[in-house]
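> Could you look at this predicted model? Sequence included:
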Amino acid sequence: MNRDYPLERVRNFGIIAHIDAGKTTTSERILYYTGMSHKIGEVHDGQATTDWMEQEKERGITITAAAITCFWNPTYMGTDTSKKQRFNIIDTPGHVDFTVEVERSLKVLDGGVVVFDGVAGVEPQSETVWRQADKYHVPRICFINKLDRTGGSFERSYKSIVERLNKNAVRMQLPIGEESNFEAVIDLLKMKAYYFEGDMGNTIREAEIPAEYLADAQKYRAELVEKAVEFDDAMMAGYLEGKEFSIDELKAVIRKATIANKLFPVFTGTALKNKGVQLVLDAVVDYLPCPLDIPPVHGTDPKTGEEITRKASDTEPFAALAFKLQTDPFVGQLTFFRVYSGTVESGSYIYNSSTGEKERLGRIVRLQANDREEVKKVYAGEIAAAVGLKNAKTSHTFCDENNPIILDPIKFAEPVVSLRIEPKTKADQEKMGMALKKLGDEDPTFRISSNTETGETIISGMGELHLEIMVDRMKREFGVEVNIGKPQVAYRETILGSAEAEHKYIKQTGGKGQYGHVKISIKPLEPLAEGEKVPKNVKRYDEFEFIDSIKGGVIPQEFIPAVEKGVKEAMDRGIVAGYKMVNVSCELTFGSYHDVDSSEIAYKIAASQAFQEAAKKAKSVILEPIMKVEAVMPEQFMGDVTGSLSSKRGQIEGMEDRFGLKVIKAKVPLSEMFGYTTDIRSMTQGRGSVTMEFDHYEVVPPNVEKTIVESRK
């Protein structure tokens, strides 16, 4: 069976944006115009195809990333289908609590369409998703949406992209009219106007640019050409000599610069009123990369630890990354995976290099949101889902057993809010464990732990809404009723100074005893300098480093991992208030052993005790999560909101005007922000709003630390 679409005609891209910018509405139009749905489902009616969870329909927000496969024939090809494209699209959430969905989607996508609200322009979460796309070097095009709304302004929104995100954003289109007068778009490359006619904007009519818009169009086309030729020396030379370029030549150089993340083409329209979406799909074909355009994927050889790469080719050894798990009520667990190289067939065995296990790949499906189409074979550059893999987790690598590779895993943020939960009945207790495990497997930012002293179950996540949705899902999907406690902040502990400690663990019990002796030194963990390599005797993790400086075999090599394990276990319970310790560098400098009595458990206990002693000397402190807060309100309420944020230990960082409203930017401790959405509404007669996202951890003031410690007793 051969591939039905060559790689150059495949596009894997995501729809990413701030909450309420119109991502899902845009996705619905894409499904309609590509013929995947025969009617358009609207978010406000709870009918959107990609918002298929009950909670999404009720709240009108996207919670889980939905994958769609569809097919597009570029409008400029007319009836010629020789360039028809396969699109693998992921519609991602905009709410900061579900940022994990954006993170894991961007890891496996080749490009992105960033949607902006034409009234608000760049919003806080727009900046967050833009930074995430920068992190994964994802080429993107911009779509300024909602130009039909009162207050919609293409120029103002475009300016906010240039000022706040990247100065290399470039206008590809101009609107004809704005707000209720918005009727068409001008294509600056072709210098034509496009009108979208018929009930659903299906009929695209090309026309000459109206006379009153011609001067602006000529001015901005010259700007576009000047910006594009910067990225090609030969074209730049021709441009300086006054040469005119064809549309195909300009498209080629804009594509090259976009794929290199040097240029960000900007388009406009209104998805809700069915204007402009088809031209954005053409732009996906013209400017976003196919799998052949992106660099080979990097990974490591599990046997040697050497770096290896895989090119996007069906003939290379098979390599794929599992990026999302989803429990499906009809078929069980779905494991979404992106194939980077090679091919895989249903019914074959795949090797999970992350666990070293083999599993049979029973069925493979391609997703249209929550509908499934069964496929026999998946090729390089494609996204699909496996049914019924038992041991696969997010970030696991599937590969050819004879050519193993472990692909770079996805890194996830640490949760910042916790809740105590308990089952309502004995029957709920039995089901709760299974429900929590499945939800934890699906969402790596949703953590489950138990308090060993009280026996309570603690769930942790990225925000109050995140945990509220998880509790709701437990009830609806798993039939588990629980009581919940108040939200708690996920504090951390760290050290500010350096210290040394030595501990001998010796136990004689008649017969074989226990002997472990270690000396360690600890200090705050310093970030690696750019390009700095980690030495061979150092194991470095995100928030911990272990250095083995033992000379002359005073501790046998086989006991060193036990020392590291003991230190890690001690870090799980800090010495100030019992919170997890982070950002510590621990060096094993000396020790001794006994030929008969030394054991792994003895070294683990000795290391754990030594670490606790050292942490007491090294000035341990509590860290609290600080949130980046943006409050928007009419001017008359600004004083009240500023005062309330200051009273919450907030640092006001700036104020600005945005479309007749005032915007306050601040950094505020999370512990002070619970329930603030309700507070700001009551303070501003329901006209104010607040968005916040995690920014960093900071040492708590002494009076706050005292309160935290007392509350833990």
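Good, I have the coordinates. Numbering: from 1, shown residues only.

> For the residue nearest to the spatial centre of the chain, which non-adjacent residue is closest in space?
The chain has residue 103 as the residue nearest its centroid, 1.4 Å off, counting by CA atoms, centre = their mean. For residue 103, ignoring the flanking residues on the chain, the nearest one in space by CB to CB, 6 or more residues apart in numbering is residue 132 at 5.9 Å. Any C-beta I mention is one placed from the backbone N, CA and C, and that applies to glycine too.

> Mind listing residues that contact the helix or strand where residue 252 lies?
Here residue 252 sits within helix 247-259, counting by DSSP states H and E. Helix 247-259 has contacts (CB atoms under 8 Å, 6 or more residues apart in numbering) with 139-141, 170, 189-190, 225, 228-232, 235, 263-265, 286-289, 293-294.

> Extract the C-alpha trace of that helix and format it as CSV.
Extracted in CSV, the C-alpha atoms of helix 247-259 (Å, rounded to 0.1, in the frame of the first residue of the first chain):
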residue,chain,number,x,y,z
ILE,A,247,4.5,36.5,-7.6
ASP,A,248,6.0,32.9,-7.6
GLU,A,249,9.5,34.3,-6.8
LEU,A,250,8.1,36.4,-4.0
LYS,A,251,6.1,33.5,-2.6
ALA,A,252,9.2,31.3,-2.6
VAL,A,253,11.3,33.8,-0.7
ILE,A,254,8.5,34.5,1.8
ARG,A,255,8.1,30.7,2.3
LYS,A,256,11.9,30.3,2.9
ALA,A,257,11.9,33.2,5.5
THR,A,258,8.8,32.0,7.2
ILE,A,259,10.1,28.4,7.6
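
> how about that helix: buried residues?
249, 250, 251, 252, 253, 254, 255, 256, 257, 258, 259 (16 or more other CB atoms under 10 Å).

> Tell me which strands the helix or strand following that helix pairs with, and in which orientation.
Using DSSP H and E, the helix or strand that directly follows helix 247-259 along the chain is strand 264-268. Partner strands and pairing direction for strand 264-268 (DSSP bridges) are strand 140-145 (parallel), strand 169-171 (parallel).

> Out of these, the one nearest residue 395 is which?
Across the strands paired with strand 264-268, residue 395 has its closest neighbour in strand 140-145 (23.3 Å, CB to CB).

> Now do the same contact list for residue 574.
Shown in contact with residue 574 (CB under 8 Å, 6+ apart): 492, 493, 580, 581, 615, 620, 622.

> try 10 Å this time
By CB atoms under 10 Å, 6 or more residues apart in numbering, residue 574 lies in contact with 491-495, 580-582, 584, 612, 615, 620-623.

> just those now: which is nearest residue 451?
Among these, residue 580 lies closest to residue 451 (CB to CB), at 12.8 Å.

> What is the neighbour count of the closest one?
The number of residues packed near residue 580 is 17, by other CB atoms under 10 Å.

> and it, how far is that from residue 437?
To residue 437, residue 580 is 21 Å away according to CB to CB, to the nearest Å.

> same deal with residue 506?
Per CB to CB, residue 506 is found 40 Å from residue 437.

> same question, residue 547
35 Å.

> Then residue 352?
Using CB to CB, residue 352 is found at 18 Å from residue 437.

> what does residue 475 give?
Distance of residue 475 to residue 437, given as CB to CB: 16 Å.

> again, but for residue 303
Remark: distance between residue 303 and residue 437 (CB to CB) = 31 Å.

> about what we covered before: adding distance to residue 272, mean pLDDT and mean neighbour count as columns, could you present the strands paired with strand 264-268 in CSV?
Output for the strands paired with strand 264-268, formatted as CSV (distance: least, CB to CB, whole Å; pLDDT from 0 to 100; neighbours: other CB atoms under 10 Å):
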stretch, distance to residue 272, mean pLDDT, mean neighbour count
strand 140-145, 8, 95, 28
strand 169-171, 22, 96, 24
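
> Identify whichever of the ones you listed lies nearest to residue 397.
strand 140-145 (26.0 Å).

> circling back: what secondary structure does the residue nearest to the centre of the chain sit in?
Put simply, residue 103 is helix when judged by DSSP: H, G, I helix; E, B strand; the rest coil.

> Same question for the one 4 residues further on.
With three-state DSSP as the basis, the three-state label of residue 107 is helix.

> Number of residues surrounding it?
20.

> Please export the C-alpha coordinates of stretch 380-399 as PDB.
Output of stretch 380-399 as PDB, limited to C-alpha atoms (Å, rounded to 0.1, in the frame of the first residue of the first chain):
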ATOM      1  CA  ALA A 380       6.500   9.500   8.000                       C
ATOM      2  CA  GLY A 381       5.200  13.000   8.700                       C
ATOM      3  CA  GLU A 382       1.700  11.900   9.800                       C
ATOM      4  CA  ILE A 383      -0.300  12.100  13.000                       C
ATOM      5  CA  ALA A 384      -2.500   9.200  14.100                       C
ATOM      6  CA  ALA A 385      -3.700   7.400  17.300                       C
ATOM      7  CA  ALA A 386      -3.200   3.800  18.400                       C
ATOM      8  CA  VAL A 387      -6.000   2.000  20.200                       C
ATOM      9  CA  GLY A 388      -5.400  -0.100  23.300                       C
ATOM     10  CA  LEU A 389      -1.600   0.400  24.000                       C
ATOM     11  CA  LYS A 390      -1.400  -0.500  27.700                       C
ATOM     12  CA  ASN A 391       2.000   0.800  28.800                       C
ATOM     13  CA  ALA A 392       2.500   3.900  26.600                       C
ATOM     14  CA  LYS A 393       2.700   7.300  28.300                       C
ATOM     15  CA  THR A 394       3.100  10.800  27.000                       C
ATOM     16  CA  SER A 395       6.700  11.400  25.700                       C
ATOM     17  CA  HIS A 396       7.400   7.800  25.100                       C
ATOM     18  CA  THR A 397       9.200   6.900  21.900                       C
ATOM     19  CA  PHE A 398       8.000   4.100  19.600                       C
ATOM     20  CA  CYS A 399      10.700   2.800  17.200                       C
END
